[in-house]
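Participant: Give me a model of this one.
(one chain, ligands or ions: 2)
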Amino acid sequence: MSTRPLRLGVNVDHVATIRNARGGPRPDPVRAALLAIEAGADGITAHLREDRRHITDADMAHLKASISKPLNFEMAATEQMLDIALATAPHAVCLVPEKRTERTTEGGLDVVGQHDWLAPYADQLARGGVRVSLFIEPSTEAIDAAVSIKAPVVELHTGAWCHAVEVGDAARAAREFERVKKAAAYAGERGLEVHAGHGLDYDTARQVAALPQVTELNIGHFLVGEAVFVGLAEAIRQMRAAMAEGRAGAG
Ligand SMILES: CC(=O)[C@@H](O)[C@H](O)COP(=O)(O)O
Ligand SMILES: NCC(=O)COP(=O)(O)O
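Facilitator: Ligands and ions are numbered 1, 2, ... in the order given. Down below sits the predicted model:
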């Protein structure tokens, strides 16, 4: 398989998390998005959670109005979010599961159980000119359901793998990476555009970049954390270098 370019979407949620800790206007996620683009991001991702714990409706509107690169709007598949997304008209919507009490997105969408809700929902977004992505578990069942829902894109949830790496559980990390690898290959065979994200750092981004079917990584929490030490532009530069290294070994 020829190596396709690998895009980096920078998620600015956690710039808003820091802002909201004080309730004022700083730091501004739109400023972070503009800086991220200048530093080499191919797109900006933001998750408008139902509880608005970080990104707000106004942030989404400002992002859409201000950035020159594609906006990937992450959201739960609710009636309210559908209205906001259609009014915002982002490049893409990534449908994600949400639980009010979770600290972060814990798993992939239940694309099998919610198939009959998600299929017409995705269709409304597509008819509104939005590219639909489904944030799913790296499993064949989820990929088959995504095909049946007619979503052109899936984003494979890398959180379980990254967590295993983070806590040093090498056996679990190897198993989880194998799931991601098999899912990427299967999704590619089924004609889906394959993205990956959640919990990625330089090392895991380098590793997942070697999967030739994966064409976009969405990364936020780690980059915002690294920005404290080296600045956001430098963290993005280092991330791009890690991705390029991994991609060079793709095949
Ligand atoms: C869906 C996803 O993986 C990202 O949106 C990530 O969840 C960052 O946002 P949270 O930290 O709010 O989960
Ligand atoms: N969809 C994943 C994403 O946007 C970023 O996740 P994280 O890097 O903040 O864990």
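
Participant: all contacts plus neighbour counts: C-alpha atoms, from now on.
Facilitator: Fine.

Participant: Could you measure from whichever residue of the stretch 101-250 of the chain sits closest to ligand 1 over to ligand 2?
Facilitator: In the stretch 101-250 of the chain, the residue that lies nearest ligand 1 is Thr104 (3.4 Å; Cα to the nearest ligand atom). Separation of Thr104 from ligand 2 (Cα to the nearest ligand atom, to the nearest Å): 8 Å.

Participant: what helix or strand is that residue on?
Facilitator: Using DSSP states H and E, Thr104 is not contained in any helix or strand.

Participant: number of nearby residues for it?
Facilitator: The local packing count at Thr104 equals 12, with neighbours defined by other Cα atoms under 10 Å.

Participant: quick one, phi psi at it?
Facilitator: Backbone dihedrals for Thr104, given as degrees, to the nearest 10, come out at phi -150, psi 170.

Participant: cool, Leu6 as well?
Facilitator: The phi/psi pair for Leu6 (degrees, to the nearest 10) is phi -110, psi 120.

Participant: what about the nearest residue to it once chain neighbours are set aside, distance to Val154?
Facilitator: Closest residue in space to Leu6, ignoring its immediate chain neighbours: Thr215 at 4.5 Å, by Cα to Cα, 6 or more residues apart in numbering. Remark: distance between Thr215 and Val154 (Cα to Cα, to the nearest Å) = 11 Å.

Participant: Need the overlap of contacts for those two.
Facilitator: Overlap of the contact sets of Thr215 and Val154 (by Cα atoms under 8 Å, 6 or more residues apart in numbering) consists of 193-195.

Participant: show me the contacts for Asp240.
Facilitator: Asp isn't right for residue 240; it's Arg. Applying Cα under 8 Å, 6+ apart to Arg240 gives the contacts 8, 40.
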